[in-house]
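**Q** Sequence below, structure please.
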Amino acid sequence: MTDYRLGVGDKIRVTVYNEPSLTGEFWINPDGAISLPLIGTIPALGKTVAQVAAQARAQFGDGYLRDPKVAMDVIAFRPFYILGEVAAPGQYSYANGLTALNAIATAKGFTPRADRAVIRIRPQGGEDEVNYRLTPELIVRPGDTIRVGERFF
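**A** Here you go, the predicted model:
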């Protein structure tokens with residue numbers, strides 16, 4: 001997931017080489033930023049981990065550390081949501097590589113009235129749901145809202 005864009009609710013691990021007091025785990029705040037020791041807040045909403053790491057490296061190097069080495073990775077993704085014709089609709093933890101079928105299984109499967117051919121997904125921050133054919137390859141992203149509709153007989 002190299003193109004993954006950070007969002008509110010993601011948790012990242014920041015490692016600053018040879019600086020244990022600056023190393024730690026940080027949440028993306030509701031305002032879309034992370035607060036790091038010494039340098040303060042860095043905007044992270046919609047950016048890749050590499051972009052945020054580069055910005056942190058630049059800020060640490062601006063008068064605080066000589067040639068800082070900063071590494072970042074996502075350790076907890078924001079949840080996904082599933083509703084409609086599943087046995088246990090709700091909010092669930094995201095796992096890397098989650099498919100729509102895995103998400104439905106996490107929600108304890110279809111109800112007897114569920115449409116098993118098409119689902120609707122609204123990405124986080126999106127306004128419209130998009131219909132997708134339910135296939136084993138259909139990937140769900142963190143923050144997505146999945147809706148399983150009712151079939152018509």
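**Q** just the strands in the chain please.
**A** Under the criterion DSSP state E, strands of the chain are mapped to 11-16, 24-27, 33-36, 40-43, 70-76, 80-84, 90-92, 114-122, 130-133, 145-150.
**Q** would you turn those strands into JSON lines with mean pLDDT?
**A** Formatted as JSON lines, those follow (pLDDT from 0 to 100):
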{"stretch": "strand 11-16", "mean pLDDT": "96"}
{"stretch": "strand 24-27", "mean pLDDT": "96"}
{"stretch": "strand 33-36", "mean pLDDT": "95"}
{"stretch": "strand 40-43", "mean pLDDT": "95"}
{"stretch": "strand 70-76", "mean pLDDT": "94"}
{"stretch": "strand 80-84", "mean pLDDT": "97"}
{"stretch": "strand 90-92", "mean pLDDT": "97"}
{"stretch": "strand 114-122", "mean pLDDT": "96"}
{"stretch": "strand 130-133", "mean pLDDT": "96"}
{"stretch": "strand 145-150", "mean pLDDT": "96"}
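**Q** okay if I get the ones you listed as a markdown table plus distance to Ala103?
**A** (Each C-beta comes from the backbone N, C-alpha and C, glycine too.) Putting these into a markdown table (distance: least, C-beta to C-beta, whole Å) gives the following:
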| stretch | distance to Ala103 |
| --- | --- |
| strand 11-16 | 20 |
| strand 24-27 | 23 |
| strand 33-36 | 27 |
| strand 40-43 | 30 |
| strand 70-76 | 17 |
| strand 80-84 | 6 |
| strand 90-92 | 7 |
| strand 114-122 | 9 |
| strand 130-133 | 12 |
| strand 145-150 | 6 |
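**Q** buried residues in stretch 12-26?
**A** Ile12, Val14, Val16, Glu19, Leu22, Phe26 (16 or more other C-beta atoms under 10 Å).
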